[in-house]
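Novice: Here is the input, now give the coordinates:
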Amino acid sequence: DINRPITIRAQFPGWTEMRGSVTVTGWEPVAEYPHVYRAPLEKVARLVVEAGAGKFYREAAGPAMVAEYPGSFFYDPEAKQLLVQPSGDRPIGDCVIEASVLPAALAGREPEPFGARHPIYAGWIIEGLVVWGYYDSGIYIPNADGCEVRDCTAYFCGRGIFFQNAAGSAIRRCHAFSCHTPFNREMGGIAIRGYFAACVLEDNVVHDTPDNGIRFYGAHYGVTMRGNLVHDCRVGLQLKGEPYTHRQLERHLGDFASFRDLPDDLDNLLEGNVAHRPTGGEAALIAHKSVFRRNTAIPVHSAVARGKEDNLELPPEAVGDARFADPEYHDLRLQADSPWRKEDGGAVGALPYDNSVRFVGPQGDDAAGGDSVAAAWRSLPHALGRLQPGQTLYLLPGVYPAPLDLRGLRAEPDQPTRVRAHGRGRV
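Specialist: Now for the predicted structure:
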């Protein structure tokens with residue numbers, strides 16, 4: 001009953017873990033195959049990850065193939081052994097090998113008959129869990145009616161957090177990374193797929209996955225992507241599939257309580273998202289037949305988007321000239337001297353200019369404004385003394401003679417004050 005939700009909540013949000021893998025130990029070399037090692041493992045390994053490197057191993061057909069390919073594995077069910085060749089030059093004893101032996105942390109049962117579209121899970125809320133090491137999915141809810149997953153983290157899973165067929169459901173404030181399956185590259189970190197209406201993907205962060213970041217994929221109506229951050233994924237953020245009308249989706253989702261009272265004129269909306277550094281040679285953001293406003297994407301495919309307004313769409317080579325706060329670490333707020341600031345004080349893109357970024361560097365000037373790299377302050381005491389709640393202070397590379405004294409620094413619960421090194425340089 002969507003009016004009487006069932007809640008699964010972590011007692012300690014962000015610290016309650018569900019784990020589907022085991023750390024494999026007891027490695028010994030295989031004499032007949034150089035660079036191949038074996039270790040005992042009782043359960044079948046479906047997914048193998050070298051955790052320290054974030055490297056997913058390729059499954060091989062046998063020991064001889066493992067010997068040919070670094071970063072591969074083979075599970076021998078008769079000997080109950082896992083065979084691997086490490087991905088790099090590190091000794092096997094320095095590698096943390098995780099073998100996924102369980103399918104999912106939380107997975108709903110499939111509809112009967114398979115593929116049927118009637119609500120199975122109504123009003124379910126999952127909150128605050130950390131799930132990792134599952135070979136199929138972290139969290140999977142089929143036929144979701146008024147369900148929500150929020151404040152959860154999924155990593156080293158075949159697929160992160162996703163719904164299959166949904167109405168009035170949402171994934172909010174979740175974090176997914178290093179989710180990959182060799183069997184279905186259409187998935188990845190966070191997704192809703194199939195037939196879905198009035199669903200929301202909001203304020204999520206997905207990164208560093210060989211597959212897709214965040215996506216809607218299928219027949220959709222009235223869906224929203226808002227406030228998400230995606231980077232270092234094959235495709236970052238995407239609305240894929242065919243937009244349906246309310247009437248077209250009625251025969252697929254008519255039994256869902258969250259669908260029945262929807263108006264007939266809902267738009268699809270992509271708003272306030274940040275996506276950059278795609279790894280697959282495609283766009284970081286693909287906006288398909290949706291209202292597209294106030295997004296920042298490098299690069300982007302938005303030719304068929306509608307209602308385009310105040311988006312910051314750039315090719316990768318234009319990043320430097322845009323003067324973002326720190327694109328190396330995915331902070332695409334604008335410096336005060338960015339050409340993308342608007343005359344009225346606002347800005348184009350997902351992150352309105354709010355004067356919240358400050359800079360200090362050994363070559364700066366304490367008489368400057370401190371609101372851009374070009375106008376950086378010089379000394380740490382001067383910079384820290386002027387930092388306000390909610391602001392971020394970036395330390396530019398170099399040597400600072402004064403200590404980083406944080407005493408007296410002010411912050412508020414809803415306005416954290418941050419001090420960070422800038423870029424990849426040494427501080």
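
Novice: ranges for the helices of the stretch 51-200 of the chain?
Specialist: Using DSSP state H, counting those that start in this stretch, the helices of the stretch 51-200 of the chain run over 63-68.

Novice: Where does the prediction get shaky in it?
Specialist: 184-185 (pLDDT under 70).

Novice: Go again with 80.
Specialist: By pLDDT under 80, the weakly predicted segments of the stretch 51-200 of the chain are 89, 113-116, 182-187.

Novice: Can you report how many residues neighbour residue 308?
Specialist: Residues contacting residue 308 under the criterion other Cβ atoms under 10 Å number 15. C-beta here means a position set from N, CA and C on the backbone, and glycine is covered the same way.

Novice: And for residue 143?
Specialist: The number of residues packed near residue 143 is 27, by other Cβ under 10 Å.

Novice: for it, what are its contacts?
Specialist: Contacts here follow Cβ atoms under 8 Å, 6 or more residues apart in numbering; on that basis residue 143 touches 108, 111, 116, 117, 118, 119, 120, 121, 164, 165, 166.

Novice: neighbour-wise, which of the residues you listed leads?
Specialist: The most crowded member of the contacts of residue 143, judged by other Cβ under 10 Å, is residue 166 (34 neighbours).

Novice: So in terms of bridging, what pairs with it?
Specialist: Beta bridges link residue 166 to residue 144, residue 196, judged by DSSP bridges.

Novice: for residue 365, phi and psi?
Specialist: Phi and psi for residue 365, reported as degrees, to the nearest 10, are phi -150, psi 120.

Novice: In this structure it contacts residue 374, no?
Specialist: No: Residue 365 lies out of contact with residue 374 (Cβ atoms under 8 Å); the separation is 10.2 Å.

Novice: Can you name every helix or strand that whatever helix or strand residue 216 lives in contacts?
Specialist: Element membership for residue 216, per DSSP states H and E: strand 212-221. Under the contact criterion of 3 or more Cβ pairs under 8 Å, 6 or more residues apart in numbering; DSSP states H and E, strand 212-221 touches strand 188-197, strand 205-209, strand 229-233, strand 237-240, helix 246-253.

Novice: So for residue 277, which of these sits nearest?
Specialist: strand 229-233 (4.8 Å; Cβ to Cβ).

Novice: could you give the angle of the closest one to strand 212-221?
Specialist: Strand 229-233 and strand 212-221 are oriented at 120 degrees to each other (axes from the mean of the first three to the mean of the last three Cα atoms, to 10 degrees).

Novice: tell me the angle strand 229-233 makes with strand 188-197.
Specialist: Compare the direction of strand 229-233 with that of strand 188-197 by the same axes, to 10 degrees and you get 120 degrees.

Novice: Quick check: which ranges of the stretch 251-400 of the chain have low pLDDT?
Specialist: Scanning the stretch 251-400 of the chain with the threshold set as pLDDT under 80 gives 280-282, 343-347.

Novice: where do the strands sit along it?
Specialist: 269-271, 274-276, 285-286, 291-293, 296-298, 300-301, 306-309, 312-313, 324-326, 331-334, 357-360, 392-395 (DSSP state E, counting those that start in this stretch).

Novice: how about the last one as PDB, C-alpha atoms only?
Specialist: Right, the one you point to is strand 392-395. Only the C-alpha atoms of strand 392-395 are listed here, as PDB (Å, rounded to 0.1, in the frame of the first residue of the first chain):
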ATOM      1  CA  THR A 392      35.300  26.300   0.000                       C
ATOM      2  CA  LEU A 393      38.900  27.400   0.200                       C
ATOM      3  CA  TYR A 394      41.200  25.900  -2.500                       C
ATOM      4  CA  LEU A 395      45.000  25.800  -1.800                       C
END
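
Novice: Now the element after that strand, going C-ward?
Specialist: Sequence-wise, the next helix or strand downstream of strand 392-395 (DSSP H and E) is strand 418-421.

Novice: which other residues reach that next one?
Specialist: 326, 329, 384, 387, 391-395, 397, 404, 406, 409, 427.

Novice: What of stretch 327-343?
Specialist: Here stretch 327-343 makes contact (Cβ under 8 Å, 6+ apart) with 207, 229, 231, 274, 276, 296, 312, 319, 321-325, 347-351, 353-357, 359, 369, 371-375, 392, 420, 423-424.

Novice: Just the buried subset of those residues, please.
Specialist: 207, 229, 231, 274, 276, 296, 312, 319, 322-325, 347-351, 353, 357, 359, 371-373, 375, 392 (16 or more other Cβ atoms under 10 Å).

Novice: Turn the strands of the stretch 251-400 of the chain into JSON lines, columns for distance to residue 75.
Specialist: JSON lines is the format used below for the strands of the stretch 251-400 of the chain (distance: least, Cβ to Cβ, whole Å):
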{"stretch": "strand 269-271", "distance to residue 75": "42"}
{"stretch": "strand 274-276", "distance to residue 75": "36"}
{"stretch": "strand 285-286", "distance to residue 75": "37"}
{"stretch": "strand 291-293", "distance to residue 75": "46"}
{"stretch": "strand 296-298", "distance to residue 75": "40"}
{"stretch": "strand 300-301", "distance to residue 75": "40"}
{"stretch": "strand 306-309", "distance to residue 75": "49"}
{"stretch": "strand 312-313", "distance to residue 75": "46"}
{"stretch": "strand 324-326", "distance to residue 75": "43"}
{"stretch": "strand 331-334", "distance to residue 75": "42"}
{"stretch": "strand 357-360", "distance to residue 75": "49"}
{"stretch": "strand 392-395", "distance to residue 75": "46"}
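
Novice: Quick one, which of those strands gets closest to residue 28.
Specialist: That would be strand 274-276 among the strands of the stretch 251-400 of the chain, by Cβ to Cβ, at 43.9 Å.

Novice: now for that closest one, which elements pack on it?
Specialist: Packing contacts for strand 274-276, counted by 3+ Cβ pairs under 8 Å, 6+ apart, involve strand 229-233, strand 296-298.

Novice: Let me have these in a markdown table, extended by distance to residue 45.
Specialist: Converted to a markdown table, the helices and strands packed on strand 274-276 look like this (distance: least, Cβ to Cβ, whole Å):
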| stretch | distance to residue 45 |
| --- | --- |
| strand 229-233 | 25 |
| strand 296-298 | 37 |
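
Novice: and of these, who's closest to residue 245?
Specialist: Nearest to residue 245, of all these, is strand 296-298, at 27.5 Å by Cβ to Cβ.
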